[in-house]
Structures are given as structure tokens and as C-alpha cells.
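Participant: Using only what follows, build the 3D model:
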Amino acid sequence: MGKLALAAKITHVPSMYLSELDGPRKGFRQSAIDGHIEIGRRCRELGVDTIVVFDTHWLVNAGYHINCAPHFKGNYTSNELPHFISNMQYEFPGNPELGQILAKVGREYGIETLAHDKTTLGPEYGTLVPMRYMNADQHFKVISVSALCTVHFLNDSARLGWAFRKAVEDHYDGTVAFFASGSLSHRFAQNGLAPDFSDKIWSPFLGTLDEEVVRMWERGQWQDFCAMLPEYASKGHGEGFMHDTAMLLGALGWSEYDGHAEVVTPYFPSSGTGQINAIFPVTPQTGASIPEAQANQQAYVPASARL
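Facilitator: Take a look at the predicted model:
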């Protein structure tokens with residue numbers, strides 16, 4: 001019925017908002033903003049009606065959660081970085097129908113998933129910053145998914161991504177985009193040093209690791225990347241433990257995905273972290289390699305490493 005038309009790994013650095021404002025950082029993140037605008041343009045070309053954001057700033061301690069209120073409007077200040085994002089206005093429509101479909105199919109795939117369509121819960125800035133540049137005219141409906149998952153297996157996040165794709169394709173009459181909103185390495189500069197690292201990565205190790213990962217994406221080395229994702233998330237200080245990335249790759253076919261990433265905004269450092277805007281082409285998949293749901297006592301085992 002429905003279609004997953006576009007998938008992307010996107011940045012949401014708050015310095016993009018600072019880049020709009022008069023001052024020493026004006027224009028500082030224009031390339032990242034332009035990347036968002038381009039991804040939004042492509043979504044329009046593809047007829048996307050709803051953007052689903054896997055948001056690494058929405059922390060949850062049990063289950064997976066979907067914010068699918070009918071409408072979002074507010075004035076946002078970041079509790080994490082209030083000196084970067086303060087009094088940022090936002091407004092866009094939600095999609096309760098799709099949110100409930102996603103949750104239902106997620107549960108059918110063995111993943112505890114809850115949709116919230118009657119809620120006062122507002123989106124976090126992993127959703128708000130991209131929508132500021134992709135959806136200023138409120139063209140798209142928006143759904144936010146928790147992706148800062150503190151006690152969750154990456155396997156389950158990958159499986160949830162596949163369940164969401166099946167929900168769209170089998171039960172939704174519309175066209176959807178999935179965005180993994182989070183950085184690559186996410187080791188912030190030590191307190192007091194942030195201004196010195198505004199355009200630097202925290203360590204050469206993290207920068208080299210990130211850049212090699214981007215090359216793997218461009219070459220389509222998904223079996224290798226999926227196998228290394230848990231260790232990369234840990235040793236690379238992945239934002240949200242990289243559950244957003246696991247969800248995105250799960251939707252694309254996990255280790256059997258055969259696309260090649262297209263970098264829209266080249267890799268750049270920000271406050272010590274590694275950032276990118278990259279489109280992952282959606283290709284036909286059977287989902288045969290999607291990891292099984294895990295019991296609590298089991299350790300993570302990448303699908304590509306199983307016998």
C-alpha cells in the first residue's frame with residue numbers, strides 16, 4: 001500500500017540555529033542547513049507526506065515510544081544547551097494514524113512499542129532542528145520516535161526499523177521518509193574547552209573512525225558495518241548508543257542492504273562530535289537478515305555473525 005521513499009542519517013547540531021543569528025557564528029553551519037533543505041526538497045519530489053524521525057535526544061528507559069500527536073506547536077529552549085537553542089519557535093502537523101500503525105506492527109514483531117497521540121509531550125531538538133529547515137512551511141506531517149534508548153538491544157532497534165517499514169508498506173496509504181537524527185562519534189569537548197573545539201573532533205582516533213565508517217557506507221559494506229556497530233557505538237561514543245542508526249539500517253534490510261550512501265553534507269566536526277547528512281537509497285528487501293527479537297538475558301549477536 002504505502003512506500004518508504006527516502007532514508008537518511010542527519011545531523012541536528014544546535015550550532016545550526018546559532019548560525020542563523022547575528023553574531024560571530026552567523027553562517028557557520030550553512031552547509032548543514034543547505035543539506036537539510038536539499039533532503040527536504042527531495043522528499044517533496046518523491047511525494048513524501050510524513051517524516052518519521054528517530055530522535056537521539058528523546059531518552060527512554062523502558063519500551064520504544066512514538067510521539068504522534070495531531071499537531072505540534074511551541075517555543076523550545078534546550079535544557080542541555082540553553083545557550084545554543086533558546087526560544088526557538090516550531091509548528092508542524094503530526095500523524096496519529098501512522099503512529100498507531102507503526103506501534104501495532106512493532107508489537108507484532110515482538111518489540112514493545114507504544115504510540116502517544118493524546119499527549120502534551122513535545123518533540124526534542126533532534127526532531128525540531130531538522131524540521132526547522134526541511135519543513136518550515138509545514139508541508140510534511142511529522143512523527144518522532146525515541147532513539148536515546150538506555151537499556152535496549154541494538155538488535156531490537158534494527159528489528160523495530162524493519163517493522164516500521166513493513167507497517168508503511170503493508171498498512172499505510174501514503175509515502176514516508178525515515179531519518180536517523182544523530183551524530184557519528186559523540187564525544188563532546190571537555191567542559192571549558194567547547195569554544196576551542198567548535199569545528200574540531202575530540203580526538204584523532206574518533207575522526208579516523210568516523211571517516212572510515214562514512215567510506216564503508218559509500219562503498220556499501222553493510223555486513224561489515226552491522227557486525228561492528230555495537231563496538232562502534234561503544235568505542236566511538238555513538239549518540240544515543242546509535243539506536244537511530246540501527247533503526248534506519250533495520251528498515252533498509254540490515255546486513256543485506258545493498259545501497260550506497262550519498263553524502264549530501266560532507267562529514268564535519270562540531271563541539272568535538274562527528275556530523276553528517278547522508279541519504280541511504282531505499283532498495284527492495286525481503287528482511288531475511290533482520291535480527292530476531294531478544295530475550296533480556298541474551299547478549300547482542302550481530303545477524304551477520306550468526307551460524
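Participant: Mind listing what's buried along the longest strand along the chain?
Facilitator: As assigned by DSSP state E, the longest strand anywhere in the chain is strand 50-60. Using 16 or more other CB atoms under 10 Å as the test for burial, strand 50-60 gives 50, 51, 52, 53, 54, 55, 56, 57, 58, 60. Every C-beta, even on glycine, is put in place using the N, C-alpha and C of the backbone.
Participant: Same question for stretch 141-151.
Facilitator: Buried-residue list, stretch 141-151, by 16+ other CB under 10 Å: 141, 142, 143, 144, 145, 146, 147, 148, 149.
Participant: wait, which of those residues is closest to residue 201?
Facilitator: Nearest to residue 201 out of these is residue 148 (CB to CB; 21.4 Å).
Participant: by how many degrees do the helix or strand encompassing the closest one and strand 50-60 diverge?
Facilitator: Per DSSP states H and E: residue 148 is located in strand 141-149. Using axes from the mean of the first three to the mean of the last three CA atoms, to 10 degrees, the direction of strand 141-149 lies 30 degrees away from that of strand 50-60.
Participant: Could you measure from residue 46 over to residue 174?
Facilitator: In this view, residue 46 and residue 174 are 12 Å apart by CB to CB, to the nearest Å.
Participant: okay, those two: which has more neighbours?
Facilitator: residue 174 (17 against 14; other CB atoms under 10 Å).
Participant: In contact with the residue nearest to that one when sequence neighbours are not counted, which residues?
Facilitator: Take residue 174 and drop its neighbours on the chain: the residue closest to it by CB to CB, 6 or more residues apart in numbering is residue 49, 4.7 Å away. The neighbourhood of residue 49, defined by CB atoms under 8 Å, 6 or more residues apart in numbering, consists of 95, 140, 141, 174, 175, 176.
Participant: Would you list the phi and psi of residue 49?
Facilitator: phi -110, psi -20 (degrees, to the nearest 10).
Participant: Return the per-residue confidence for it.
Facilitator: At residue 49, the pLDDT value in this model is 98.
Participant: so how far is residue 190 from it?
Facilitator: Per CB to CB, residue 49 is found 43 Å from residue 190.
Participant: residues touching the spatially closest residue to residue 56 that is not a sequence neighbour, list them.
Facilitator: Excluding its sequence neighbours, the residue lying closest to residue 56 (CB to CB, 6+ apart) is residue 240, at 3.0 Å. Residue 240 makes contact with 56, 57, 147, 148, 149, 182 under the criterion CB under 8 Å, 6+ apart.
Participant: Can you name the residues bridging to the fourth one?
Facilitator: If I follow you right, that is residue 148. Applying DSSP bridges to residue 148 yields these beta-bridge partners: residue 59.
Participant: In this structure it contacts residue 54, no?
Facilitator: No - counting by CB atoms under 8 Å, residue 148 sits too far from residue 54 to count as a contact (9.9 Å).
Participant: Before I go, just wanted to say thanks for your time.
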